[in-house]
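Visitor: mind looking at a prediction? Sequence and model below.
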Amino acid sequence: MESQQSKPRLAVIDYGMGNLRSVIRAWEHVGAAAQLVSSPDQIGEADALIFPGQGAIVDAMRLLKETGFDDAIRNWIAADKPFFGICLGLQALFEHSEEGDTQALGVFKGRVRRFQIDSSLKVPHMGWNSVSFAGGDTLTDGIESGTDQFYFVHSYYIEPEDERLTLFETDYGGRFVSGIRSGNCYATQFHPEKSQAKGLQLYRNFLMSL
């Protein structure tokens, strides 16, 4: 039986928001030792930092600043340490969000915009949708582009300045970026922990790169 010490150690940010229990369970299911951390000094010697997120970015940014996780996240990604952001944990990496006219972390250049789409499509975008990707990234091993479905819940989407960040795209009243990669930093708009087998496959692939 695999010991806890031999499993990849994940620090899952607990800044007072997010669906933390399902995230923890999903990572543990694919073989990680996942631990909630409520302050940056608890990250310790973690192999990867996980930024789960849901809710309003206004509140999230306030809590990140209060806890010191804002600088911790910036410094971690700047050092090219393994990172995985989920939903709001993707959006907060950019400079500015239209939600509450909020300044975000500014790790990457770009904005977060509200869907302005045909009235026949509901906002928030909620439910299952496919993602498309070019291939060649280890995160997508075992995933079929344009076919496999992932679970989304969001009213806002990212608009990166640098197109090279784009890993996943999704169509909902038009194409938008639904996942990014920069070095060892990954983040998805969809929720892998709610996406059943294919979501777990993404998490398993991420662990394999550690």
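Guide: Perfect, I can see it now.

Visitor: mind checking what helix or strand follows the lengthiest strand in the chain in sequence?
Guide: Across the chain, the longest stretch assigned as strand under DSSP state E is strand 175-182. Per DSSP states H and E, the first helix or strand lying C-terminal to strand 175-182 is strand 185-188.

Visitor: counting contacts, what elements does the next helix or strand after that next one pack onto?
Guide: Sequence-wise, the next helix or strand downstream of strand 185-188 (DSSP H and E) is helix 196-208. Contact partners of helix 196-208 among helices and strands, from 3 or more C-beta pairs under 8 Å, 6 or more residues apart in numbering; DSSP states H and E: helix 20-29, strand 149-154. For glycine as for every other residue, the C-beta is placed from the backbone atoms N, C-alpha and C.

Visitor: looking at these, which is nearest to residue 39?
Guide: Between residue 39 and the helices and strands packed on helix 196-208, the shortest separation by C-beta to C-beta is 15.0 Å, and it involves helix 20-29.

Visitor: could I have the CA atoms of the closest one written out in PDB?
Guide: Presented in PDB, the C-alpha positions along helix 20-29 are these (Å, rounded to 0.1, in the frame of the first residue of the first chain):
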ATOM      1  CA  LEU A  20     -13.100  22.500  -0.900                       C
ATOM      2  CA  ARG A  21     -14.200  19.100   0.300                       C
ATOM      3  CA  SER A  22     -15.000  17.800  -3.300                       C
ATOM      4  CA  VAL A  23     -11.700  19.200  -4.500                       C
ATOM      5  CA  ILE A  24      -9.800  17.400  -1.700                       C
ATOM      6  CA  ARG A  25     -11.600  14.100  -2.300                       C
ATOM      7  CA  ALA A  26     -11.000  14.200  -6.000                       C
ATOM      8  CA  TRP A  27      -7.200  14.800  -5.600                       C
ATOM      9  CA  GLU A  28      -7.000  12.100  -2.900                       C
ATOM     10  CA  HIS A  29      -8.900   9.700  -5.200                       C
END
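
Visitor: and the angle for that helix with helix 196-208?
Guide: If you take axes from the mean of the first three to the mean of the last three C-alpha atoms, to 10 degrees, helix 20-29 sits at 70 degrees to helix 196-208.

Visitor: helix 20-29 packs against which elements?
Guide: strand 9-13, strand 33-37, helix 196-208.

Visitor: gap between stretch 82-97 and the chain center?
Guide: How far stretch 82-97 lies from its chain's middle: 6 Å, per C-alpha atoms, centre = their mean, to the nearest Å.

Visitor: no wait, stretch 141-155
Guide: With C-alpha atoms, centre = their mean, you get 13 Å for stretch 141-155.
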